[in-house]
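Q: Need coordinates for the following:
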Amino acid sequence: MSKLSEKYSKRSGFSGKLYRYAVKVKLYFKFPDSFIRDLRIISRKPKAKRLGIGFHSPNFIFCSCLNPKSIIVDVGCGFEADFSRFMMQRFGAQCFGIDPTEKHKSALMQLAAQSAGRFVYLQNAVSSTNGELQFFEIENMESGSLLVDHINIMKDVTKSYLVRSVTLREIPHLIDHEKIDLIKLDIEGAEYDLFENVTIEDLKAYSQIYIEFHHNSVKSRSLRDTEKVIRILRENNFNVFSMDDLNYLFFRD
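A: Got it, this is the predicted structure:
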């Protein structure tokens, strides 16, 4: 942080607000997609409220009916497990963090030890296959992937190793809960294969499915693939809502 940035980040009142506004405008010029995304979020907040859907920055979306008895599965939780942390703090929910990444292991084990049983860590991947799969860990970024054509895998230093993958149908057995109130899927492009041949039986345990789509990160995928997954889940009796056309919540009546 520059001395000027540090000076104004510590100030309150008009000067601090002016500085934060200037930084945001600068970011919008540099990343115009983020400006469009924020406009979408602002315009859709009233509808989200009418539907009983909550939104928490940066991109968390969920039905607000959750409570301390809710079972949350956080797939691709990352080393911070920020979605699980939020769900535990906001609702007191029981969270299961699923992430295969070796470099996240110690942080997630520490969170599990400190959570008084509210967070359980499982070092698995989630995909359309039960069994061992090759996983690619990225040296300089948080998220790895099962896909070799993920943009981060292609441009950064990686190492690969075998991980145990489970399917949507297997997850309830893995965590020993028949009903899952919300599953979050941030699996860096593997979501497309996951839902391609999904069945009613695969989905019956889930009340809400929150998916971060990666058609802009995987070379072999496009917006059309995201639209296909949305259609499949609609056909399986899920309602759909998105704040930003990238992160989607699928929920039952």
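Q: Quick one: mean pLDDT over the helix or strand where F135 lies.
A: Assigned by DSSP states H and E, F135 belongs to strand 131-138. What strand 131-138 shows for mean pLDDT is 94.
Q: Could you do stretch 190-209 as well?
A: Mean per-residue pLDDT for stretch 190-209: 96.
Q: Show me what counts as buried in stretch 194-210.
A: Using 16 or more other CB atoms under 10 Å as the burial criterion, the residues of stretch 194-210 that qualify are 194-195, 198, 202-203, 205-210. The way it works is simple: take the backbone N, C-alpha and C, and place the C-beta from them, glycine included.
Q: and if you look at stretch 67-78?
A: Residues of stretch 67-78 classed as buried by neighbour count (16+ other CB under 10 Å): 70-78.
Q: pLDDT weak spots in the stretch 151-253 of the chain?
A: The model of the stretch 151-253 of the chain has no residue with pLDDT under 70.
Q: quick one: the strands in it?
A: 158-166, 182-185, 208-212, 239-242, 247-251 (DSSP state E, counting those that start in this stretch).
Q: any chance of those in CSV, with distance to G92 too?
A: Shown next, in CSV, are these (distance: least, CB to CB, whole Å):
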stretch, distance to G92
strand 158-166, 26
strand 182-185, 14
strand 208-212, 17
strand 239-242, 24
strand 247-251, 20
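Q: deepest of the ones you listed, which one?
A: Mean neighbours per residue, mean count of other CB atoms under 10 Å, is largest over these for strand 182-185, with a mean of 25.
Q: Adjacent strands (with direction) for that one?
A: strand 71-75 (parallel), strand 208-212 (parallel) (DSSP bridges).
Q: So for K105, which of those strands sits nearest?
A: strand 71-75 (15.3 Å; CB to CB).
Q: Which one of the buried residues of stretch 67-78 is nearest to L146?
A: G76 (10.6 Å).
Q: circling back: which of the buried residues of stretch 194-210 sit farthest apart?
A: Across the buried residues of stretch 194-210 (CB to CB), the longest gap, 17.8 Å, separates L194 and S207.
Q: Any chance of CSV for the buried residues of stretch 67-78, columns distance to D156 and pLDDT?
A: Formatted as CSV, those follow (distance: CB to CB, whole Å; pLDDT from 0 to 100):
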residue, distance to D156, pLDDT
S70, 36, 98
I71, 35, 98
I72, 30, 98
V73, 28, 98
D74, 24, 98
V75, 22, 98
G76, 17, 97
C77, 21, 97
G78, 16, 95
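Q: Cool, thanks, signing off.
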